[in-house]
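> sequence first, then the predicted structure:
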Amino acid sequence: MAMNSQGRPSRPVHGVDPGAYPDTFSGSRGLDQAEPLLFERGELNNTGVDLPELKGTPSRLGTFERDANMGMPGLSEPEAMRHYVRLSRKNYAIDLGLYPLGSCTMKHNPRLNEKMARLPGFIDVHPLQPESTVQGALEVMGELAHWLITLTNTKAVALSPKAGAHGELCGMLAIRAALDAKGQTHRRRVLVPESAHGTNPATAAQCGFICDEIPADDTGRVDLAALEAKLGDDVAGIMLTNPNTCGLFERDIIKIADLIHKSGGYFYCDGANFNAIMGRVRPGDLGIDAMHINLHKTFSTPHGGGGPGAGPTVFSEALAPFAPVPYVIQEGETWRLVEQEADAEGEPFGRMVAFHGQMGMFTRALTYMLSHGSDGLRQAAEDAVLNANYILARLKSVMTPAFDGTCMHEALFDDRFLKDTGVTTLDFAKAMIDEGYHPMTMYFPLVVHGAMLIEPTETESKSGLDRFCDTLIGLAEAAKGGDKDRFLAAPIHAPTKRLDETRAARTPVLRWTPEAAE
Amino acid sequence: MTTHFTEDHEWIKVDGEEGVIGITVHAAEQLGDVVFVELPEVGKTVEKGDELAVVESVKAASDIFAPVSGEVIAVNSALEAEPAKVNEAPEGEGWFVKLKVKDASELADLMDEAGYKAHIA
C-alpha cells in the first residue's frame, strides 16, 4: 500500500470493495455528487421563474394557443446552473490535467486569448453592422489572413470555414472548380492514403469525387511506387496529411507533389497537424495547392465542447482565383469585406457560410500569434515534437512503438507489449482513467494494430511528462506481471464505471421518456 | 461443398452455382463486437473485389469485398436486427450474402483453409 510521510494510505486501496462502506443517504459520495437528468430534477408542472399572470391582454394565438403542458422541467437559475457545474466536475479537461489525446491536439488555451476575445469591439459586433463601424474587427481578419498566408507561403485564404472538415470541403470545392474551369470534368478520382483521417474520403465523396486508397509502406508513410501506379488522366488530386496520422513526416512530400502536378492533379493537404511544423515548414514550399488550418488545434482556440472550431483554408496561386467569398481587403486606410462573387477578382466557387466565420476564434488565434511572434510559434512546434519524442524514448522499452525512429508531435504505440497478457488496448486506456489521466487516442490510425496514439503537446513540462510516463510504465509492467484484474474492472475510481459500448451502439436510447409513460 | 478464403478475411462456401459469403472467425475476433451491418440489395451484380457489404464494430467500420463476381441472390437480413450473430457464429449463422457465382474459375485465386491459416499466422 502506498503511504504518505504520515503513514496514511496515499491512494485508494486497489481492489477495495465499494460495498464495504455503507451507502450514503443522498446517493452522493462527498464531492462526487449524484446528478440526475434536468428532466428528472425539475418538476414538469412547476416553474422556476415566477412571473405574474397577464391580466386584460387577450391572446391573439387563437387555435394555436397551447392547451397542454409542454413537458419542460421547471427549474430556477441556481438549479439549472448547479446541474451543469456538477456535471462539469465529473469531466476531464485540459484545464485539469495532461490530455494525451493524439490526432486532436488538446493544448493549453492562454487566458490572454480569452481577454482579447471579450473586448466589446469584438464580442458585441453584429455581422450586418456597417463596415465603417467594425473597422477593428475587419483589421483583425485582415491581419490573421496575412499571418496564415505568410506562415504557409500561399496566395489566398478563406477564413470562413467553421471547422477542419469544413475547410477540407472548401479546398476540394476549389479544386473541383479549377478542374471544371479547365474543362477537365473527367478528372474525378482522388487518391487518399490508408492512414488518412476519415473526413478526407468523406469530403472527396461529398464533392462528387471517387476515392482511391494508397497503401502505406513499412515505415508508415505513403508507398511511392503504389502512388505512381495509381496516377492517370482521371486523377483530380491527392489528399494527404503531413505530418501524417502515424505522427510521421511524409519525407517524399515534394516528390509526391511533383508526381501529382505532372499528372495534372492538385495537392490537397490536411493541415490538422500543422501545429507540428508551423514556423519551420511553409506548406507552399512543398507544392501544396490547398490546406485547411485548424485554429482550434494549431493556434490554441478552445474546442472539444469549449468553443466552435475554425478551419481557414489557404490556396496556392493555381487555386487562389477560385477561393470563396467573403474575404477582407484594405483600400488605403479602410478595410472592406468583399461579399459578392461579382465584386471578386477571380472566379469564386461560391461561399461556405452565410456570414464570414468564427470572429471569436479569429481574435483568439491572432492573439496567440502576436503574443508568440513568429519565433515563438516555431518554438511551440519544436517543443511539441520534443515532448512527443521524450515520451517515445521513455516508454519504448516497456511499450512497443509502432514504427522505428523518431516521431513528430505524436508518439504511436501498438499492442504487441500486451500480447498474451489478457489485457487489450481498451482495458489499458480504461486503467489510465483510474490513474487520473484521460486516455490517449485508441485504435486509430487503423493501419496499426491496437493503436495507442499519444500527443502531449508543448503544454506539458518535463516533470509533468515524467509523472505521466511513470504512470504508463507502472501500468505496462502491471499488465505484463499478470495483474489483469486492475485492467478488466477499470475504471473503478471514476464517477461512472466501465460503460457497455456494445449495448450503447446496438440499442441506443436517444430520447428521455418520463417514467409514468413507460 | 468447398470453402475458399480471401486475403481480406472473407470466406465463400460454394455449392454448385451458389456461394455463401461471410467473414472469418479471425476477422470477427479482430473487429470486436459488431454493432451494425449494411447489406446489398438482392439482384445487385458485383465484380470480384467490389464492395459487397459494410460491417461496423465498436472499433472500426470495414468493407466486405466480393471474393468473386456474381449476382446477389439472398442476404442474411437477420443481421440487421441482430449484428451479434456475426460474433457468435461468423462462419455459420452470421453469413452475409448469397451470390450466384458468375465464373467459377475465379475461385482458383482464393486460398483453402490451410492457406488461410498460414496467411493469418
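That came through, no problem.

> count the residues that sit near the nearest residue to residue A:99 once chain neighbours are set aside.
Excluding the flanking residues, the one nearest residue A:99 by C-beta to C-beta, 6 or more residues apart in numbering or on different chains is residue A:106, at 4.0 Å. C-beta: built from backbone N, CA, C; applies to glycine. Around residue A:106 there are 24 other residues, counting by other C-beta atoms under 10 Å in any protein chain shown.

> you'd agree residue A:468 is in a helix?
Yes: counting by DSSP: H, G, I helix; E, B strand; the rest coil, residue A:468 is found in a helix.

> who are the contact partners of the residue nearest to it when sequence neighbours are not counted?
Once flanking residues are discounted, residue A:468 sits nearest to residue A:98: 5.4 Å by C-beta to C-beta, 6+ apart. Residue A:98 makes contact with A:437, A:438, A:456, A:459, A:460, A:464, A:465, A:468, according to C-beta atoms under 8 Å, 6 or more residues apart in numbering or on different chains.

> in which helix or strand would I find residue A:98?
Residue A:98 belongs to no helix or strand when assigned by DSSP states H and E.

> also residue A:512?
Applying DSSP H and E, one finds residue A:512 in no helix or strand.

> residues touching it, list them.
A:37, A:39.

> how about stretch A:28-37 as PDB, C-alpha atoms only?
Provided in PDB are the C-alpha atoms of stretch A:28-37 (Å, rounded to 0.1, in the frame of the first residue of the first chain):
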ATOM      1  CA  SER A  28     -23.600  11.300  -3.400                       C
ATOM      2  CA  ARG A  29     -20.100  10.300  -2.300                       C
ATOM      3  CA  GLY A  30     -18.600  13.500  -0.800                       C
ATOM      4  CA  LEU A  31     -17.800  15.900  -3.700                       C
ATOM      5  CA  ASP A  32     -18.700  13.200  -6.200                       C
ATOM      6  CA  GLN A  33     -22.300  14.200  -6.300                       C
ATOM      7  CA  ALA A  34     -25.100  12.100  -7.800                       C
ATOM      8  CA  GLU A  35     -26.700  14.100 -10.600                       C
ATOM      9  CA  PRO A  36     -30.000  13.100 -12.300                       C
ATOM     10  CA  LEU A  37     -31.100  14.500 -15.700                       C
END
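
> correct me, but the residue nearest to residue A:99 touches residue A:301?
No: checked against C-beta atoms under 8 Å, the pair residue A:106 and residue A:301 is beyond contact range at 11.9 Å.

> show me where chain B has its strands.
When secondary structure is read from DSSP state E, chain B shows strands at B:2-5, B:10-15, B:18-23, B:34-38, B:45-46, B:51-57, B:61-65, B:70-75, B:97-101.

> which stretch among those comes nearest chain A?
strand B:34-38 (3.7 Å; C-beta to the nearest C-beta).

> which strands or helices does the closest one pack on?
helix A:501-506, strand B:51-57, helix B:85-88 (3 or more C-beta pairs under 8 Å, 6 or more residues apart in numbering or on different chains; DSSP states H and E).

> what about 10 Å?
Under the contact definition 3 or more C-beta pairs under 10 Å, 6 or more residues apart in numbering or on different chains; DSSP states H and E, strand B:34-38 sits against helix A:501-506, strand B:51-57, strand B:61-65, helix B:78-81, helix B:85-88.

> list the neighbouring strands of it plus their orientation.
Counting by DSSP bridges, the strands paired with strand B:34-38 are strand B:51-57 (antiparallel).

> how about the strand it pairs with as PDB, C-alpha atoms only?
Output of strand B:51-57 as PDB, limited to C-alpha atoms (Å, rounded to 0.1, in the frame of the first residue of the first chain):
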ATOM      1  CA  GLU B  51     -17.600  -3.600 -52.000                       C
ATOM      2  CA  LEU B  52     -20.300  -6.000 -51.100                       C
ATOM      3  CA  ALA B  53     -21.400  -5.100 -47.600                       C
ATOM      4  CA  VAL B  54     -20.200  -3.000 -44.600                       C
ATOM      5  CA  VAL B  55     -19.600  -4.200 -41.100                       C
ATOM      6  CA  GLU B  56     -19.200  -1.800 -38.200                       C
ATOM      7  CA  SER B  57     -17.800  -2.700 -34.800                       C
END
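
> what residues does chain B have near chain A?
Within chain B, the residues that sit near chain A (C-beta under 10 Å from any C-beta of the partner chain) are B:30, B:32-36, B:56-62, B:81-84, B:87.

> can you list the contacts of residue A:98 in JSON lines and add pLDDT, neighbour count and secondary structure?
Output for the contacts of residue A:98, formatted as JSON lines (pLDDT from 0 to 100; neighbours: other C-beta atoms under 10 Å in any protein chain shown; DSSP: H, G, I helix; E, B strand; the rest coil):
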{"residue": "A:437", "pLDDT": "96", "neighbour count": "20", "secondary structure": "coil"}
{"residue": "A:438", "pLDDT": "95", "neighbour count": "18", "secondary structure": "coil"}
{"residue": "A:456", "pLDDT": "96", "neighbour count": "28", "secondary structure": "coil"}
{"residue": "A:459", "pLDDT": "95", "neighbour count": "19", "secondary structure": "coil"}
{"residue": "A:460", "pLDDT": "96", "neighbour count": "23", "secondary structure": "coil"}
{"residue": "A:464", "pLDDT": "96", "neighbour count": "14", "secondary structure": "helix"}
{"residue": "A:465", "pLDDT": "97", "neighbour count": "18", "secondary structure": "helix"}
{"residue": "A:468", "pLDDT": "97", "neighbour count": "22", "secondary structure": "helix"}
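
> ok, back up a step: and the strands of chain B, which is most packed in?
When you average the neighbours per residue for each of the strands of chain B (mean count of other C-beta atoms under 10 Å in any protein chain shown), strand B:18-23 leads with a mean of 24.

> so how far is it off the chain centroid?
Mean-position distance between strand B:18-23 and its chain equals 5 Å (C-alpha atoms, centre = their mean, to the nearest Å).

> which helices and strands sit right next to that strand?
With contacts taken as 3+ C-beta pairs under 10 Å, 6+ apart, strand B:18-23 sits against strand B:2-5, strand B:10-15, helix B:25-31, strand B:51-57, strand B:61-65, strand B:70-75, strand B:97-101.

> the spatially closest residue to residue B:98 that is not a sequence neighbour and residue A:120, how far apart?
Once flanking residues are discounted, residue B:98 sits nearest to residue B:74: 3.9 Å by C-beta to C-beta, 6+ apart. To residue A:120, residue B:74 is 67 Å away according to C-beta to C-beta, to the nearest Å.

> in a strand, residue A:103, correct?
No: read with three-state DSSP, residue A:103 is coil and lies in no strand.

> contacts only, for it.
Residue A:103 makes contacts with A:197, A:241, A:245-247, A:272-273, A:297, A:409-410, A:412, A:440-441, A:444-445, A:451, A:453, A:455, as judged by C-beta atoms under 10 Å, 6 or more residues apart in numbering or on different chains.

> many thanks, have a good one.
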